[in-house]
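> Sequence first, predicted coordinates after that:
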Amino acid sequence: MNRKQKSFWNKMGISGVCAIAMLLSACGASQNTQGTASQSSSSQESEQSVVIQNNGREIRFTKAPERAVTLNQHVTEVMLALGLEDKMVGTAYLDDAILPAYKEAYDKIPVLSDTYPSKEVLAAADPDFVYSGWKSGFGDKGVGSMEELEQAGIQSYLHMSSNMNGPTTEDVFADIRNIGKIFRIEDRAQALISSMKQEMKEITDKLGQIDQPITVFVYDSGEDQPLTAANNYMTSLITQAGGTNIFADVDKGWTTVSWEEVVNRNPEVIVIVDYGDKTVDQKRDMLLHKPELADLPAIKNQKLIVLPLSAASEGVRAPIALKILAQGMYPERFAN
């Protein structure tokens, strides 16, 4: 008996035990016939089920979710890009402004929280599916673990490309395909992937052959010790844009390094991630006036590229991020 069934019996003033007794009594005369029908129905349901491997779990979706909640902007935009706003009863945790193309659809969806909603707020939205971009969404400061949600009758999905070392756009596409399968809209998912691939191909075609990739340092935050992108999604984007992340050899997604090591690796370009407590102007000013960085080619030539975190995340903005990086590194190839 699912939640809706329980609610129904409660409204009628009949206990679950009595309800079951009534059902058994009504069904007794045709037990064999209904048993056969039940087996047939179960077989059909199994055939129609979608099974997804996600975060070390096998998840079976017997039907498409109807009341989804998204946590983190990049997965919200995946849902909107797939035209699933009518299947969403809540969203949370924007990094910056939603893409203009999705703004109208987004405005129709209740915003549950600026960060992660509390368990109580989530429960009030009565979701049957929760989709998180980061593991933290299912952590202590999030909405509860995936196992806890499952016990409450809520299925969940973790965006895997955001939670692995060295993800590429192919990993992003794998997540999009999974969401397409879960919601039974695989044709829309494939159309979105094809569109993204075409946009990215047009950018790389303009870039042409890159004989000597430009060396790139990604600056996220920190004045004494900078936080930088290592073996994460930005490395893949930088490579596609004709660059080399100077800390790609570090086997972490993000890592703290020393300024001395940055100087030793001598980047020609610095990518500033637009996110956090400091503004882009504050970050740029700090980098340009830090004495130990004065001789870096990136500082001498003021080759600083600004990339919003929403573009750097593993979502539908991959073509936007690729264009920002490619144009910033090779402006002459995009002159026309």
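It's in. Residues are numbered from 1 along each chain as shown.
> list the helices and strands the host helix or strand of Glu148 packs on?
Assessed by DSSP states H and E, Glu148 sits inside helix 146-151. Secondary-structure packing of helix 146-151 (3 or more Cβ pairs under 8 Å, 6 or more residues apart in numbering; DSSP states H and E): strand 155-158. (Glycine included, C-beta is placed from N, CA and C.)
> chain center to the strand it packs on, what's the gap?
Relative to its chain's centre, strand 155-158 lies at 12 Å (Cα atoms, centre = their mean, to the nearest Å).
> Give me the residues contacting that strand.
Residues outside strand 155-158 that contact it (Cβ atoms under 8 Å, 6 or more residues apart in numbering) are 52, 54-55, 59, 61, 65, 128-132, 135, 137-138, 146, 149-150, 178-179, 182.
> From the residues you listed, keep the buried residues only.
52, 54-55, 59, 61, 65, 128-132, 137-138, 146, 149, 178-179, 182 (16 or more other Cβ atoms under 10 Å).
> Take those and keep only those in helices.
When DSSP state H is applied, the buried ones among the contacts of strand 155-158 are split such that 146, 149, 178-179, 182 fall in helices.
> can you tell me which of those residues lies nearest to Glu120?
Closest approach to Glu120 among these (Cβ to Cβ): Leu149, at 13.9 Å.
> Tell me what the nearest residue to the closest one once chain neighbours are set aside is bridged to.
Excluding its sequence neighbours, the residue lying closest to Leu149 (Cβ to Cβ, 6 or more residues apart in numbering) is Ser156, at 5.0 Å. Legend: beta-bridge partners of Ser156 under DSSP bridges are Val130.
> likewise Ile52?
Counting by DSSP bridges, Ile52 is bridged to Ile59.
> who are the neighbours in contact with it?
Listed by Cβ under 8 Å, 6+ apart, the contact set of Ile52 reads 58-59, 61, 157, 178, 181-182.
> gap between it and Ala174?
Ile52 sits 11 Å away from Ala174, going by Cβ to Cβ, to the nearest Å.
> now do Val75
Separation of Val75 from Ala174 (Cβ to Cβ): 14 Å.
> and Pro331, how many neighbours?
For Pro331, the count of nearby residues is 10 (other Cβ atoms under 10 Å).
> Strands along the protein, start to end?
Secondary structure of the chain by DSSP state E: the strands cover 50-54, 57-61, 68-71, 88-92, 111-113, 129-132, 155-158, 214-219, 227-229, 243-245, 254-256, 269-274, 304-308.
> which of those strands is buried the deepest?
Most buried of these by mean neighbour count (mean count of other Cβ atoms under 10 Å) is strand 68-71; its value is a mean of 29.
> which other residues reach that one?
With Cβ under 8 Å, 6+ apart, strand 68-71 has contacts from 76, 79, 84, 87-93, 112, 116-117, 122, 125, 127-134, 137, 142-143.
> just the CA coordinates of stretch 239-255, formatted as PDB?
Taking C-alpha atoms only, stretch 239-255 is exported to PDB below (Å, rounded to 0.1, in the frame of the first residue of the first chain):
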ATOM      1  CA  THR A 239      41.900  20.700 -23.000                       C
ATOM      2  CA  GLN A 240      39.100  21.000 -25.500                       C
ATOM      3  CA  ALA A 241      39.600  24.700 -25.700                       C
ATOM      4  CA  GLY A 242      43.300  24.300 -26.600                       C
ATOM      5  CA  GLY A 243      44.900  24.600 -23.200                       C
ATOM      6  CA  THR A 244      46.600  22.500 -20.500                       C
ATOM      7  CA  ASN A 245      45.700  22.800 -16.800                       C
ATOM      8  CA  ILE A 246      49.000  23.100 -15.000                       C
ATOM      9  CA  PHE A 247      47.600  21.100 -12.100                       C
ATOM     10  CA  ALA A 248      45.900  18.300 -14.100                       C
ATOM     11  CA  ASP A 249      48.500  15.800 -12.700                       C
ATOM     12  CA  VAL A 250      47.000  16.200  -9.100                       C
ATOM     13  CA  ASP A 251      44.600  13.300  -8.500                       C
ATOM     14  CA  LYS A 252      41.900  15.300  -6.900                       C
ATOM     15  CA  GLY A 253      39.000  17.400  -8.200                       C
ATOM     16  CA  TRP A 254      40.000  20.600  -6.400                       C
ATOM     17  CA  THR A 255      43.200  21.100  -4.400                       C
END
